[in-house]
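*Asks:* The following block contains a protein sequence and its predicted model.
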Amino acid sequence: MSRIGKNPVEIPDGVTIDVAGQVVTAKGKLGELSAMLTDDVDVSMADKLITVTPRADTKSARKMWGTSRSVISNLVSGVSEGFSRNLEIQGVGYRAQVQGKDLILQLGFSHEVRFAIPEGIKIECPDQTHITVSGSDKQKVGQTAAEIRSFRPPEPYKGKGIRYEGEYVFRKEGKKK
């Protein structure tokens, strides 16, 4: 029995949910998101609760039970509150700024790195060493933050690079004489 799957998803005020077969669509103040679920699970809606149940007692149905419930929960919280990921830049001369629809990063290369901001994602730089990636789709927010981090991941000797806020970087000892 899935611990996550058996819990129903509560629908907050201001969010409308449509269940049409295996397609679940959520509309809220931050936009509209939809997800296609597998045929192994049933989705039902009663009052302000969405419940997910497996159709059979197969291994794949049990696997997708909790996954489908989490996907629906992410849709609901995405259109009502949204998701955000914070990045920190560490290193002398490393900085970031938003210009129009591009994020411009200076990361110690001979050139500046231009990153085109994807649709549905909002990127802010409160100062030159912090980047906030936000949006309603959890997968897109995480993927965008990972792509920005991949331009200069933190290195283990001095810790320079782009890291997630609160990320621990394992440090190595330098050369000895």
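*Replies:* Everything's here; your move. Here the structure is a predicted model, which is why all the values come from computation and not from measurement.
*Asks:* mind checking how far Leu107 is from Leu33?
*Replies:* 32 Å (CB to CB, to the nearest Å). Every C-beta, even on glycine, is put in place using the N, C-alpha and C of the backbone.
*Asks:* Between those two, point out the one with more neighbours.
*Replies:* Set Leu107 next to Leu33 and count neighbours by other CB atoms under 10 Å: Leu33 wins out with 21 against 18.
*Asks:* Is that one located within a helix, as I assumed?
*Replies:* No. Looking at Leu33 with DSSP: H, G, I helix; E, B strand; the rest coil, it is strand, so not inside a helix.
*Asks:* in this protein, which ranges drop under the pLDDT threshold?
*Replies:* Where the chain drops to pLDDT under 70, the residues are 1.
*Asks:* which stretches of it form strands?
*Replies:* 9-10, 16-20, 23-28, 31-36, 41-46, 49-54, 83-90, 95-99, 102-106, 113-116, 121-127, 130-135, 161-164 (DSSP state E).
*Asks:* for the ones you listed, which one sits closest to Glu147?
*Replies:* Nearest of those to Glu147, taken as CB to CB: strand 113-116 at 7.2 Å.
*Asks:* Can I get that closest one in CSV, CA atoms only?
*Replies:* Below are the C-alpha coordinates for strand 113-116, written out as CSV (Å, rounded to 0.1, in the frame of the first residue of the first chain):
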residue,chain,number,x,y,z
VAL,A,113,27.2,33.4,-21.0
ARG,A,114,23.7,34.3,-22.4
PHE,A,115,20.8,32.1,-21.2
ALA,A,116,17.5,32.6,-22.9
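*Asks:* Quick one: distance of that strand to the chain centre.
*Replies:* Distance of strand 113-116 from its chain centroid, counting by CA atoms, centre = their mean, to the nearest Å, is 19 Å.
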